[in-house]
Each structure stands twice: as C-alpha cells, then as structure tokens.
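**Q** let me see the structure of the following:
(2 chains)
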Amino acid sequence: MRLPEVSLITSWHIPSHREAREKRDLAALKQGLEQQIAQHDLYFLNHADIPCYARWLCEEPTGAGSPALACGEDQGSPLDFCAALRAEDVGIIAAALTAYLAENFKGRLVGPRPRFTALATYWPLISLPNSSPEADKLRQSSVKALTNSLLLASRLGCHHVEIVGGSALPENLHQSAQDAREAREERLQVLCQSLEEVYQELAPLLNGSRVPAVCLEIEPGEVYLVNNVQRFAELREALRRRGFPRLDHVLLNLDLAHMMLTEAEDGKTGSEVQLERAMRSDVLPWIGHMHMSDHARTHAADLCPGTYHFYFHYKPWLDLALKLCQQSETRFSGVIAVELEACGDIFEVVRAVGKTRRWVAHSAKQMSLGGREAARTVQGALLVVDIGNSTACLAERAPADIEECVREICQAVHRQRGSVFSFTGDGVVAFFDQEHFASEREAAKSALKALEELPAELGALFQKAATPEHTPYLRASLHWGGIHVPTGGPLRYQAIGREVVIACRLCGQAEKKARRAFVCLQPLFTCLAKVCRLVRACLSQRSAGRATHPFCHIAASKAWLETAAMTAPAESRDLELKGIGESVGAAFWELPPAP
Amino acid sequence: MSDQEPVDPYRSLLYPAGFGLDESWQGTPGDEAGGLEESQDDRLLKVLLDYYKLNDAQGVVQEIGRLFLSYRTPIKPGRCHYSPSPTWRDEYLLDFAVQSPTRFAVRLHVFEGAGRSKTGKYLGFVALRPPYKVDEADVAGEEMEGIGGYKHVIEAEITCPSHMLRPRYHLITTNASPPRLGVMPFRSAVFMAPRFDVKRQSTCVHLALSQSLHLIMGRFGCKPVSQREFDWHLADASGNVNHATAGARLSEALAVLESRCDGGGFIANFVPTRAADRNSVKEKALRCLTDTLANGLPVIMMVSSTLRPVHPHHPSFEQDAAAPLGSTTHEHGEDFTSAHETHAALIIGMHLLHARHEVPLVKTCALGGEEKCPFIREDRAELPGRFVGHDVLKGPFSEWTAEALLESALEVPVPGVSGDEVHGIFFLAIGPKNLRLGLDEVDEFARLLLSVLMDRPEWQDAFRAYCQTHLCDFADVGKMDSWRLVIRLLAPREARSRLGKGPDWQPKGGDLEGGLYWGVEVWNPAALRQSGDDASQHKPLYPAAAFLWDASMSVALTRQDAGFPMPKIIMRWETGGLSQRQLTPFEAF
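**A** Modelled structure (predicted):
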C-alpha cells in the first residue's frame, strides 16, 4: 500500500526582521532539514525569505534583471517581489533551492530525497474586484505572483500550488452599499478571471512541461471567499461555465484543521458535513493536496494534531488520503503537509510531523487488514554507481574515505532531484522519479547530470586515495523503468524490482564492455555534447600523460537512451545479463576526470 | 537562576524556542545577560528593534506601558517572535495586505520586573501588529491618544495584576484561551484593543463580546467572533451593510451571540420609573450584577464613555474623549447629541466587601446603624464595592466603584419603544448556548411566586416550622423582605446535588435531563442549625424552599399565557429535607 508522505510547510518559523536582514538565509527550511525532515512544502513567499532570494539573484550574473529586484535596495513586499520576478529569476531561485536542500539536509541519505512536495502561497488580492486602477494593479500583481509561483513549482518538480481565495467582503463596509452576497459573487468571478490569466501567462513559459495545478485552500469564516467544500464546487462550476480550458488544474486543498472549524449541520459536525460533500463526484476527483494541523474551536493558531482533535477525528480524512494514494490515476499529490504557521518551535514541529506519520501508518494498517493489495510501481530513471578499486584503495586506508565518497555521490544525486534507495557497500542505487520532474526526459537527463557532477566532487578524494598500483574510479549504469518502493513496513524506502536488478547487472558490465568497445557518442542534445567535450578533454589529457584511465565507465540501457531522447551510439550492443532472461540493449562510454 | 526567583514554568518564555541552538542569539531580554542598568523602556526597545524601526518601536513601548498601567509593576520583556493572530489575519486580508509585508503578528511575552536582577511572575503575552505603512494624514496622533486606541497592540492574553490575586477579588478568567495560541495554559482574561484608525461604532460592543466569549469558551464551548464577522452578521440580519458600521445595540449583539457564537445570554433592564426609585433600582441592578458574575457570566454594560477607573489614572483619561468607538450614533439616530456617549464596558469581576463610600445606598443596613439590623444581611453586606473589567478605552483590569459604574449607566439614555429617551441600567450577560431566561427575570418570578405561596396556609405553616427548627424569628415570616433568594445557574446533576437528591433523581414528570436551570433557593438570613444535638451539626442546612426554572425558557411567550412562567420544580422544606410540590399555573394564580 502506498502511504501519503508527510511534509512540513516552511512557514512554521519567521525570523525577526534583524535576523532575516543579517543572515539572508532560509531559516525555517534550514532548521527543518537539520532536523532530518526531508519533505517540505515551500511557503512562497515569506517576507523574511526575500533577502535570501535577492542574494541568490544578485550573486548570479544573469539574475536580478528586474528593477524591483535591484541588489542592495528594498525589495518590497512579498507580492512586489514575486510579481517582479522574470522566468530567468525563477529558474535561478529553483536551482539554488534544489542545491540548498542537498547541502543542508542532515537526515539519512538513503530514502526519499530532500525535496519540495508542493508550494504554499498567499496572494489573496487575486480576487480583488476592479474598483479602481490601484485595485486592478494589485490584482494583476497577484496574477503575476501566482504565475511565478506555478513556474517555480514546475522548476522544482512540484505539481501542486496551494492558494487562498481571498476575501468575500468589500474593502470598506462604510462606503459600500452593495449587498454582501453580490460582493461574494463578484469576487468569485474575479477569481475565475484571474485563474484564466494565470494559465494563459504560464503556458509559454513551461515549454510543454507538465503544468502544475492550483489547489484552493478552504479558509473557515464567512469573510472568506472559499470557506467550505461547496464553495469550491461552485468555483469549478463557474469556471466550467466560462469555458475555462484548464479545469483539470483547479483542485482542492483540504486543510483538515479548517474542516473541523466549519459549520455543523443537522446534527453532524462541520468535519462530517465537509467530508460528505468532498466525497461527491464533483469534488472527489479534484482533491489535490492536504494540510494537517489542529485548531481549538476558533481559527487561532495552528497546533500539533491531537491537541484538541484526536485520531478518530482525523481518521476519515486520513482514510480518504490513503484511498486517493492507491488510485492509479489521481490528481492527489500523495502528500499531507503539516502546517504549523509561525509556531516558531522546531521541537513542536517535529512532534507534529511524527504524530501525523504515526497516524497515517496506523490508518494504513487498519485499511490493509482486509487483504493483500498489488504493489504500486513508479516510473523513473535508475542510476547505479559503484566505486572501482575501492577495496584496494579506500577500504584499507580509511573507511571514512568511503563514507565521504558515498556521501558526495548521494548529494550529487539529491542536487539533481534523485533519491538514493540502497547502499551497496561502496556504491548506491539511485532513482529519479518521473513524478518529481516536469517530464520523463528531464528525469532521465537528471540522472546523467548527477553522474557528470561526480568528477568534480570526487576527483580530489580519489587522487588522495590513489596508490602506486591502483586508482579509484567509478562504474555506473543508467536505466529506465518501473520500480517498487514500499512506503511502509520493514523494507520502507528500498528499491525493489526487475529493473533494479537490470541496472545493477548493467553497472557490473560497464567497465568490461567499455574497454572492448569505446564509443564516441554523437550527441544530439546539449548535455551529450558536454559529455563529448569531457571525453575529448580526457583524451587530450591522456595524450599529455596526465591521466592514465577514465574516471567513470558508464553503461546506459536502450530504455534510458530513448527516454532521454539520446541517439544510441553506433557501437552499442545487446547484452545477455545473468539471470535476466532476455537481452538488454546498452551503450557504453566513459567520463574523464575533471580537468 | 538564583534561589530567590519564583518557581515558574513559564520561565522558558524568557528565551527563544531554540535557546542554546541558535548561534546568532545575542543574549536574553531578561536579566541573565547584562542589561542590569537598563530601564524598562530600554529593555523593551532593544527587543522590539529586531522587528520595528525606531519610531514604531518607541510607539509600541508606549502602548505596552499604557496596557500594563493597572498592574502597578515594572515589566520585563521575554521571548519575542512572529506568531499567528486571528484578528491580524482578518485585518491583513481585508485592510493591510498592501501596507504590511507579513500576515503574522509579533508576539511579545511579558514578565513582571522584580528588582534590577530578577524576573517576577509571568504576566502573559501581547500580540502586536507587525510594521505596516499607514497614511498619517488619515489619523492624527492626538486623535489616537484621545480615543484610547492602539496602533500596534491587537490583543493581550494576560493574567490579572498581582493585587487582584487577593481573596477579596473575584475574577472570571480562563485557562482555555492561551493554549489555542500554542502557549501553555495560564489563567488569563484576553484584552482586545481597539484599532486607532478605525471608527466603527460597533467596535466597543464587538470587542466586549469577543473578550467575554474567550473567557467562557473553555467552560461553555462558545465561539468568538471577529469584528468583520460581527459586522457581517449585523448586516446580514438587517440586509443593509451600512447598518453594521453605525453601531450595535445589546439586543443585536445578543442576536449574533445566539446565531453565530454557540452562545446565549440575556439582557437585564433596570429602569427607574421616577426619581425616587433611583436608589432601589441601583441596588437591584447591583444585586443582579453580582449574582450574574458569581455565576461565572461576564457582563457587558452600557455606560458613559466618561466613566473613569478608580486607579490609576492615565493623563489621556482626563481628556474629554470623543469616543468614536461608542455605539451612540446608532442608538440615537443622527440628530442625537449628548454629553454622554454610550460605551460598552466588559465587567469580569468584583471586589467583595465594600467601603461606605463605594456603595452608599446599602450602607445603613449592611453595617447596622440607623436601621439597627439585628444581624448582618450577607446578601447586602457582600455586595461588591468595586467592579473589575476590560474597558477598551481605558485598558484591561480597570476598576470602577459600584456607585460610579451604576451612575454612569444611568447617565446614558437609550431610545425607548416609543422613541423617547429612557435612562436605566442595561447589561448583557454572556453565557452558554440556549441561555435565554434572565437572572433578573428569575428573581422577579421567584419573588412573585413566593408571594403567592406565602398566602397559602400550608406554606405559611411550613415556613413557620422551618423558622422554629432553625431558630429564627418567625414573626415576620410572611414578609418578603425576611427572605433571601440565592440564584444559581445549574446543570441537572448539580441541581440534584443542591436539592439533596441522588444523581438519578427525577422530579414528578421525570424530565430533568440536559440543559441548564436557574435554581432559586429561599433562605432565611437568620436561620441556624439546631443546637443541643451533636448529630445535627453534621446535617445539611436546607433552604425553606427551592424553585428550578429551565434557563432556555423563552419568557416572552409564556408571559402572555400566565403572567410569569412556572418553574419546572417547586420544593418545600419539610422535616428531613426538601420535598417536591406540584403546582399548576391554575393552582398558583
């Protein structure tokens, strides 16, 4: 059974103005990573995070092109800052964030990688009616900010962006004689218009990549526009009537604590009423994401689940999340995000995450008592890396050296958004889940990119470990296929399946085959061109007598080559792999040491 | 921690949550790390400058000083951090999304100062609006000072001042409110500050209502309502959005309370029909107010905005405040002009045992003297001399003398049914859902019922027997003034216990189930236990009679039928305890 992952929303801590200005860091994310929490919903955008993003943009030669982001000046409010971002800026921030995760994660390197599971935003002026030029400008800024948030999500491999619907009330009750119900309807239409504009602006920026969905949060209270599940259904119906082309991308974010604050009806609690409504056919397929916390009777502060409401209150919702996770075609993110906004206490946060995980596991156990369910496979790129000569060079000299090498390999994998699911003594089995990328091709290429980072990362270590007789080197294989990764039980987060075995066998063949048939690849795409440049550099180094052997022997399966849209090398061949029972097409090449 | 410091679980709130882990942390805001020579304001300023620019930080320091004026103690800042605030969440969405960079408030924990090097007890925490831009042209500083509004303080979850921990103070506080904001429980009474730049006429009523709902949410499960939601419901009821901002009557607040807050309540009215009734009306109101508070129900009273607290005075209180937060406009219409602006004050406690000057109207009987009371009438002697409340204009834990409070209430006129002005004491008691019957009404009904019963020979005999047994004078047994009524709001099980019955006891008719009841006990103030019998010392002393009214009863309907509604249970003392009597309205009248 696939269990929902439990992530943490990064708005749990907001550093003071002074700290934000002086440190220019992402304090909440960093502390979460240091506490070994791997999955985070990125809150975009806390005002205290702006100095860090501005620093990244200013340090990048191509960044900070927008006047509003001029380095060293006041970057304005979150809305100003986000709306002013260009697509290039978003790309820079995404790359920096991905690297930040790998650098700061202090948890186990085997298991799900540190990653962003979704984005959370707060652009409530997106439903502001066009009552004045200023109001329209604010709405347009909100549209731009949401577009950039979705673009960032895409760059980070997230597919869900949570938003709030904004206010249902006119700004000034003194001046408005408008009936409150009409005001709500007007704002609903404005929200529809804004969503249309967002997806129109987003389409050309994504270049055909998977389009992230917006997940509307239900905010309890009558002053809010989307304040129960019924209102969400009404929004979708309004969009449908307008002929909104991206109806598949307007989903529901269920904040379980908010559900418990909704109005009771006919002897049923608010939560029961909302659950019943959510199970109907016009809502159920459109549940995109979930938030988890607790509230005490009023919408005060987010508290650890189990403070005022208990397992049995949450169980029906957790069961719903589990059911959605088992569906092969689902729009659900597969994530329950713990939301403890501005709680400021990392120990409380860890408690909330732990309790949610425990509750999810317990619900899954109860649900699976009925029988054995088919294992769910996930598609993606497999990368198996192994250190050659490790026993001769590294293990005898210092086990700590192997530890350092493997850590570098894992972090390189994490930087390219892959997860390490097994250690093999002196190597790893990594997996690049296509669900975490905008496209299959991007997932496949990221596996190669991780490999390409290694000469620079490991070169010095290998040189240090080299003996007169032996020099460490790498063997690696690239493969594409479906694997099974249990999300619960004793084999949790281990890669299992035939494709894993093929990738491991292929890795064992990489060195032998490469020596027999060195291939000069004819790249069609940019990344392969880079490989060739490295190969040429290696050859020239060889001729100069500075290197005696390649840094890494690579074997790539035909399946991977096809997914990465790379042309099979002329001298690729079919291999009979031991125990596989059928031949596997593969190509071989080498990576030279870093120049 | 030195030996002299208090044993206080809240001391962790002196430090950041990650204390010891955060390398950048530069010392405690409390006493441990230097700063011994710093003044209170300097310490506060140092902490606040992490969040505000200098001008704003200085403004916050002033507001906090004003907030804690009634504490009469130096204060020290503790942990300061961004945190959620329901009020700021609404304000941010509706008013400040452009002006402020953050939707989180700044939370400052506050301790008592206890000398230069020590920290005293924990006082609570204050939610502050984060830095935001405001068009200064809209609101002048002196105007803000004049109305007693706050620019940064949103609300303060605070415990009472130390001097109110003395036994004569009786305060309604709760331990349910701090934990909803993620702070470990302590007994507090939230104070909500009015925003200086908003002149909603409904503000004082709303804030009083919201504060009282926070006080009883732990006991009765009520749900506080935000200012916008309050206005929304006012508008929803009348169908006119403008109506919401004009002001709020107590009856409108009660309607919102019942429909949206899972609460209930009643409005008590005490209107003198002629000048000579003024003192007796004040005494009745005082008794009712005391009993209402004694039942744990906070009270919102319409008073004059010129009502001053006993101590301490703030210079701004002396100004003749314009009080734009009051409810005047709506109460009286646009043409109304008065020296006394109507204002809603929340009363949450009292100081029992009074000085003569505090309650002059009961001084003679309470203390003996001219009327030569043969014994102390505790129902009069115990009347509080001072009341404690949160006045959004004057600050938290304000104290008023009973005399000043009641006189202030009588000063402000309200429109009567025919449109002319009525002077009276009006207050709204906030209680659990389905509480409709007022304590003042129950008192009135009980007295009417008692007068009817005392005309009956069998009841006269029973009362005479009661007085003989309990050694009190039965010469005046037929006079209403010889009897004292004790009124309590009771759950069924508590009612059974009070009546000396078992947990499963049912009255004739068998319908004492859920809900709440007003229990009225009829006592003779001079009654004593029988002497000379050792065993009798341990016997319970029962009242002469007891009545039980269903508190959810809708009075308006039943009054039309029978003059006043009959209680669900009527009990009379007989040898060995209370026994139930059944009376139908026909028999009674």
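
**Q** could you use CA atoms for every contact and neighbour count after this?
**A** Fine.

**Q** which residues of the stretch 101-250 of chain B score low on pLDDT?
**A** Across the stretch 101-250 of chain B, the ranges flagged by pLDDT under 70 are B:115-117, B:134-148, B:197-201, B:235-247.

**Q** swap in 90 and give it another go.
**A** B:101, B:113-121, B:131-151, B:163, B:166-168, B:193-206, B:221, B:223-250 (pLDDT under 90).

**Q** swap in the stretch 201-350 of chain A?
**A** When residues are selected by pLDDT under 90, those of the stretch 201-350 of chain A lie in A:207-210, A:220-224, A:263-267, A:296-300, A:326-330, A:344.

**Q** that one: strands as residue ranges?
**A** Listed in chain order, the strands found in the stretch 201-350 of chain A under DSSP state E, counting those that start in this stretch are A:213-217, A:250-255, A:287-292, A:335-338.

**Q** buried sites along the second one?
**A** In this case it means strand A:250-255. By 16 or more other C-alpha atoms under 10 Å in any protein chain shown, the buried positions in strand A:250-255 come out as A:V250, A:L251, A:L252, A:N253, A:L254, A:D255.

**Q** how far off centre is it?
**A** With C-alpha atoms, centre = their mean, to the nearest Å as the basis, strand A:250-255 stands 18 Å off its chain's centre.

**Q** which residues touch that strand?
**A** Contacts to strand A:250-255, defined as C-alpha atoms under 8 Å, 6 or more residues apart in numbering or on different chains, come from residues A:162, A:213-218, A:232, A:236, A:283, A:286-293.

**Q** what angle do it and strand A:213-217 make?
**A** 40 degrees (axes from the mean of the first three to the mean of the last three C-alpha atoms, to 10 degrees).

**Q** all helices for the stretch 301-450 of chain B, in order.
**A** Assigned by DSSP state H, counting those that start in this stretch, the helices in the stretch 301-450 of chain B fall at B:328-332, B:363-366, B:378-381, B:402-411, B:439-453.

**Q** repeat for the stretch 351-500 of chain A
**A** A:396-397, A:399-415, A:440-465, A:498-516.

**Q** the last one: which residues count as buried?
**A** Within helix A:498-516, the residues that qualify as buried are A:499-511, A:513-514, counting by 16+ other C-alpha under 10 Å.

**Q** closest one of those residues to chain B?
**A** Nearest to chain B out of the buried residues of helix A:498-516 is A:V500 (C-alpha to the nearest C-alpha; 41.5 Å).

**Q** surely the closest one meets A:V485?
**A** No. Here A:V500 does not reach A:V485: they are 10.8 Å apart, not a contact under C-alpha atoms under 8 Å.

**Q** contact residues of the stretch 251-400 of chain A facing chain B?
**A** Applying C-alpha under 8 Å from any C-alpha of the partner chain, we find that the stretch 251-400 of chain A lies next to chain B at A:295-303, A:341-346.

**Q** picking up where we left off before, now a ChimeraX select for only the buried ones of the contacts of strand A:250-255.
**A** A single ChimeraX command selects the buried members of those (16+ other C-alpha under 10 Å):
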select /A:162,213,214,215,216,217,218,232,236,283,286,287,288,289,290,291,292,293
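
**Q** quick one: A:V384 and chain B, what's the gap?
**A** Plainly put, A:V384 is 38 Å away from chain B if you go by C-alpha to the nearest C-alpha, to the nearest Å.

**Q** so what's A:H249 closest to, chain neighbours aside?
**A** A:A213 (4.2 Å; C-alpha to C-alpha, 6 or more residues apart in numbering or on different chains).

**Q** is the one you found in a bridge, and if so with what?
**A** According to DSSP bridges, the partner residues bridging A:A213 are A:H160.

**Q** OK, contacts around it?
**A** Taking C-alpha under 8 Å, 6+ apart, we find A:A213 in contact with A:L150, A:H159, A:H160, A:V161, A:D248, A:H249, A:V250, A:L251.

**Q** from those, which two are the most distant?
**A** Spatial extent of the contacts of A:A213 (C-alpha to C-alpha) is set by the pair A:L150 and A:D248 at 14.8 Å.

**Q** sec struct for the residue nearest to B:L13 when sequence neighbours are not counted, please.
**A** In space, and not counting its chain neighbours, B:L13 is closest to B:R79: 5.4 Å by C-alpha to C-alpha, 6+ apart. When classified by DSSP: H, G, I helix; E, B strand; the rest coil, B:R79 comes out as strand.

**Q** and B:R79, what's its pLDDT?
**A** Looking at B:R79, its pLDDT stands at 93.

**Q** helix or strand with the lowest mean pLDDT in chain B?
**A** Lowest by mean pLDDT, DSSP states H and E among the helices and strands of chain B is helix B:328-332, with a mean of 36.

**Q** count the neighbours of A:A456 for me.
**A** When neighbours are defined as other C-alpha atoms under 10 Å in any protein chain shown, A:A456 has 12 of them.

**Q** okay, the helices of the stretch 351-500 of chain A in CSV with mean pLDDT next?
**A** Listed next are the helices of the stretch 351-500 of chain A as CSV, based on pLDDT from 0 to 100:
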stretch, mean pLDDT
helix A:396-397, 61
helix A:399-415, 86
helix A:440-465, 86
helix A:498-516, 78
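
**Q** let me have the ones you listed in TSV, adding distance to B:A402 as columns.
**A** Output for these, formatted as TSV (distance: least, C-alpha to C-alpha, whole Å):
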stretch	distance to B:A402
helix A:396-397	88
helix A:399-415	71
helix A:440-465	76
helix A:498-516	83
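
**Q** so who does the residue most central in space within chain A touch?
**A** Central residue check for chain A by C-alpha atoms, centre = their mean: the C-alpha nearest the mean position is that of A:F116, 3.6 Å away. By C-alpha under 8 Å, 6+ apart, A:F116 lies in contact with A:Q39, A:H40, A:D41, A:L42, A:L156, A:G157, A:C158.

**Q** mean pLDDT for the helices of the stretch 301-450 of chain B: which is lowest?
**A** Among the helices of the stretch 301-450 of chain B, helix B:328-332 carries the lowest mean pLDDT, at a mean of 36.

**Q** the closest residue to B:R488 other than its chain neighbours sits in which helix or strand?
**A** Distances taken as C-alpha to C-alpha, 6+ apart place B:G519 nearest to B:R488, at 5.1 Å, with adjacent residues excluded. Assigned by DSSP states H and E, B:G519 belongs to strand B:517-523.

**Q** in the very next helix or strand once past that strand, what counts as buried?
**A** Later in the chain than strand B:517-523, the nearest helix or strand by DSSP H and E is strand B:545-550. By neighbour count on 16+ other C-alpha under 10 Å, the buried set for strand B:545-550 is B:A545, B:A546, B:F547, B:L548, B:W549, B:D550.

**Q** now distance to B:Q580 and pLDDT too, for the residues you listed, in a markdown table please.
**A** As requested, the buried residues of strand B:545-550 are exported to a markdown table (distance: C-alpha to C-alpha, whole Å; pLDDT from 0 to 100):
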| residue | distance to B:Q580 | pLDDT |
| --- | --- | --- |
| B:A545 | 10 | 93 |
| B:A546 | 9 | 93 |
| B:F547 | 10 | 94 |
| B:L548 | 11 | 93 |
| B:W549 | 14 | 93 |
| B:D550 | 16 | 92 |
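
**Q** closest one of those to chain A?
**A** Closest to chain A, out of all of those and judged by C-alpha to the nearest C-alpha, is B:D550, at 22.6 Å.
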